[in-house]
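Chemist: Sequence and predicted structure below; questions after.
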Amino acid sequence: MLYLLAVLYAGRMTSPRSMVAAALLCVVTVFLAPAIWAPDLLSPGGIRNRIFGVIIGLLMTWLLWDRRRFALKLEAANRELERRVAARTAELDAANRSLREEIQHRERTEAGLREAQRLEAIGRLAGGIAHDFNNLLTIILGYADLLQAEKEGDESTCYSAEQIALAGRKAADLTQKLLAFSRRQMLQVSVFNLNDVLRAIDGLLRRLLPENIRITLLLDPAVHPIRADRTALEQAILNLAANARDAMPQGGDFGLATSHRVLSAEACGTPTGPQPGSYLCLVVTDTGCGMDEATRNHVFEPFFTTKEVGKGTGLGLASVHGVIKQSGGHIEVSSQPGRGTTFTILLPCVAETPPLPDAQAVSKAAAPGTETILLVEDDHSVRRLSSLILQRAGYSILSAADGADALELMRRHPGPIHLLITDAIMPRISGSELAQAFVRERPSTVVLFVSGHAPEALLSGARTLPRLDVLAKPYTAEELLTKVVELLREARKAPPTAP
């Protein structure tokens, strides 16, 4: 019995030292135990049998121990294999997650590019339509002003002309929104602090929004100045406020918050998003009804609206998008049904200091003039109207249909030409090329560009001219005369330029 226990004990051993102990235990059980309990078993024949028994026991012990050792090694190998499989599985899971994230990032980038291309195509179409309408509206507004001036005592005719002008100005507002969306409107860029703008329009916002909407301004005093069209940006903020008002018929909260934000290259992962740099961040929030994903995907498209027929043009947010993009900024919208809407606007900061407000107001009285003006306009109706307006104000008018005719007329004219009024986009020779060629031969001439949408590239070459200004179409007779009077008045004060 002791011998069997020794063999079984040896089979459970896992080290050579334990194996030796088990072997000694077998010897003890075979030789010593019989000597104590049965001395007659120590005869020569019995000893030989005991030796064979010990050998067989040791062999069995070794086999059992080797089997146990092999089982332990196999168990250890299984554990190592499971560990390696688990580690490899974790690596594959991490690689799969990274691959899924990369695919999702690429899909978002491709979707953003497709959206940008779609909006760009819509913008080109809208800009082209707006440019053609601007010429027509210039004619409508101009002749309405002339009709009012001619029939000043005729109340019926003046009322009709006034209604024509009113409808024309409303149509002009629509075309300006189209041009804003297409990023082709004429911007009067200046450097200013957005906090000052928000404080200035606070009273207007409180008149625009009903009393059941609470307005909150959180303005960071450390924000940097920006360069943009102040009036266009004010209108964009008012459009967002009007949109929030319509989303909160039962009242709610409307908030404007500014902060300074620096974006690193890692934070700007998409080509359609903002570029790395320093930005002023404007966050516009409301607690209105919110939007679903389908509405968010189309919210910046022109003529897209969720309002009833006749309640909106669908150009408010489209013009906001265009103004921000044309100013070099970025706008995003986040919203969920029933949880309000948040617009995040990023505008590039500049290192310049905003100029102090001019205390002297410029007089806009259009005094009669005697100077000579060369008017260059490829649209016959617009050219005829502008000539009529300027001639009635006392100016001598030379008119040309394009740049080539204007240069020929300039060289044939013996007297001075005080002002060149030219369209920015014309066949054969552009307005910028005409102005540069004109000023080379007549350096004292002042230049006034007139255009519905003059891209910066078309005027970039003319920006170096010493006397240059821009008038956006459509314009009224008063606006044209005011701009002409201002330019000629400044030209008279300036010292003469040598040819």
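Modeler: Thanks, I have it.

Chemist: C-alpha from now on. contacts and neighbour counts both.
Modeler: Noted.

Chemist: Could you chop the chain up by domain?
Modeler: 2-92, 119-181, 189-264+276-348, 372-493 (automatic domain parsing).

Chemist: residues in contact with Val228?
Modeler: Just so we're on the same page, residue 228 is Ala rather than Val. Contacts of Ala228 were listed using Cα atoms under 8 Å, 6 or more residues apart in numbering, and they are Leu187, Gln188, Val189, Ser190, Val191, Phe192, Ser327.

Chemist: quick revisit: just so I know, which of the domains of the chain lies nearest Ser98?
Modeler: domain 2-92 (9.7 Å; Cα to Cα).

Chemist: quick one, strands of the protein?
Modeler: In the chain, the strands defined using DSSP state E lie at 189-192, 213-218, 226-229, 252-263, 277-286, 330-335, 341-348, 372-376, 396-400, 419-423, 446-451, 468-472.

Chemist: For Leu92, which of those is the nearest?
Modeler: It's strand 252-263; of the strands of the chain, that one is closest to Leu92 (Cα to Cα) at 32.4 Å.

Chemist: if we can go back for a sec, could you save the domains of the chain as a markdown table and add columns showing mean pLDDT and distance to Thr109?
Modeler: Shown next, in a markdown table, are those (pLDDT from 0 to 100; distance: least, Cα to Cα, whole Å):
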| stretch | mean pLDDT | distance to Thr109 |
| --- | --- | --- |
| domain 2-92 | 65 | 25 |
| domain 119-181 | 74 | 15 |
| domain 189-264+276-348 | 86 | 14 |
| domain 372-493 | 83 | 27 |
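
Chemist: As TSV, these with distance to Ile103 would be great.
Modeler: Output for these, formatted as TSV (distance: least, Cα to Cα, whole Å):
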stretch	distance to Ile103
domain 2-92	16
domain 119-181	24
domain 189-264+276-348	20
domain 372-493	37
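
Chemist: quick one: which of these is nearest His105?
Modeler: domain 189-264+276-348 (17.0 Å).

Chemist: Could you work out the end-to-end span of the closest one for me?
Modeler: 13 Å (Cα to Cα, to the nearest Å).

Chemist: what does stretch 399-406 give?
Modeler: 8 Å.

Chemist: now stretch 327-344
Modeler: 15 Å.

Chemist: mind listing what's buried in it?
Modeler: Using 16 or more other Cα atoms under 10 Å as the test for burial, stretch 327-344 gives Ser327, Gly329, His330, Ile331, Val333, Ser335, Gly340, Thr341, Thr342, Phe343, Thr344.

Chemist: Stretch 199-217 now?
Modeler: Buried, per 16+ other Cα under 10 Å, within stretch 199-217: Leu205, Leu209, Ile213, Ile215.

Chemist: Just grab the bridge partners of the last one for me.
Modeler: With beta bridges defined as DSSP bridges, Ile215 has these partners: Phe254.

Chemist: ok, it - contacts?
Modeler: Arg206, Asp253, Phe254, Gly255.

Chemist: right, and the last one touches Ile213 too?
Modeler: No. Assessed by Cα atoms under 8 Å, Gly255 is found out of contact with Ile213, at 10.0 Å.

Chemist: wait, what's in contact with Gln250?
Modeler: Taking Cα under 8 Å, 6+ apart, one finds Asn212 in contact with Gln250.

Chemist: How many residues are close by Ile263?
Modeler: In this structure residue 263 is Leu, not Ile. Neighbour count for Leu263, taken as other Cα atoms under 10 Å: 13.

Chemist: which residues sit in contact with it?
Modeler: Gln275, Pro276, Gly277, Ser278, Tyr279.

Chemist: Among those, which one is most surrounded by other residues?
Modeler: Busiest of the contacts of Leu263 [other Cα under 10 Å] is Tyr279, holding 25 neighbours.

Chemist: how close does that one get to Gln188?
Modeler: With Cα to Cα as the criterion, Tyr279 and Gln188 are 20 Å apart.

Chemist: do Leu198 as well
Modeler: 18 Å.

Chemist: can you check Leu468 too?
Modeler: The value you get for Leu468 to Gln188, if Cα to Cα is used, is 13 Å.

Chemist: Of the two, give the one with the bigger neighbour count.
Modeler: Comparing Leu468 with Gln188 by other Cα under 10 Å, the one with more neighbours is Leu468, at 16 against 12.

Chemist: That one touches Leu448, doesn't it?
Modeler: Yes. Using Cα under 8 Å, Leu468 makes contact with Leu448 at a distance of 5.9 Å.

Chemist: ok, the closest residue to Arg214 other than its chain neighbours - how many residues close by?
Modeler: Leaving aside its chain neighbours, Arg214 sits nearest to Asp253 (4.8 Å; criterion: Cα to Cα, 6 or more residues apart in numbering). Neighbourhood size, Asp253 [other Cα under 10 Å]: 17.

Chemist: and if you look at the one 5 residues further on?
Modeler: Neighbour count of Thr258, defined by other Cα under 10 Å: 23.

Chemist: quick one on the thing from earlier: can I get the strands of the chain in CSV with distance to Ala167?
Modeler: Formatted as CSV, the strands of the chain follow (distance: least, Cα to Cα, whole Å):
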stretch, distance to Ala167
strand 189-192, 28
strand 213-218, 32
strand 226-229, 26
strand 252-263, 32
strand 277-286, 32
strand 330-335, 32
strand 341-348, 32
strand 372-376, 27
strand 396-400, 29
strand 419-423, 25
strand 446-451, 21
strand 468-472, 18
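
Chemist: To Glu152, which of these lies closest?
Modeler: Among the strands of the chain, the nearest to Glu152 by Cα to Cα is strand 396-400 (25.1 Å).

Chemist: Give the other helices and strands that the closest one contacts.
Modeler: Under the contact criterion of 3 or more Cα pairs under 8 Å, 6 or more residues apart in numbering; DSSP states H and E, strand 396-400 touches strand 372-376, helix 380-392, helix 403-412.

Chemist: That strand pairs with which strands, and in what direction?
Modeler: Within its sheet, strand 396-400 is paired with strand 372-376 (parallel), according to DSSP bridges.

Chemist: Mind listing residues that contact the partner strand?
Modeler: So strand 372-376 is contacted by 383, 387, 395-403, 406, 416-423 (Cα under 8 Å, 6+ apart).

Chemist: Select only the buried ones of those residues in ChimeraX?
Modeler: Burial among the contacts of strand 372-376 is assessed by 16+ other Cα under 10 Å; the matching ChimeraX selection reads:
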select :383,387,395,396,397,398,399,400,401,402,403,406,417,418,419,420,421,422,423
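
Chemist: who touches His418 in this structure?
Modeler: Per Cα under 8 Å, 6+ apart, neighbours of His418: Glu371, Thr372, Ile373, Ser444, Thr445, Val446, Leu488.

Chemist: quick one on the thing from earlier: so can I have CSV of the buried residues of stretch 327-344 showing distance to Thr89?
Modeler: Shown next, in CSV, are these (distance: Cα to Cα, whole Å):
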residue, distance to Thr89
Ser327, 50
Gly329, 44
His330, 41
Ile331, 41
Val333, 39
Ser335, 38
Gly340, 43
Thr341, 42
Thr342, 41
Phe343, 42
Thr344, 41
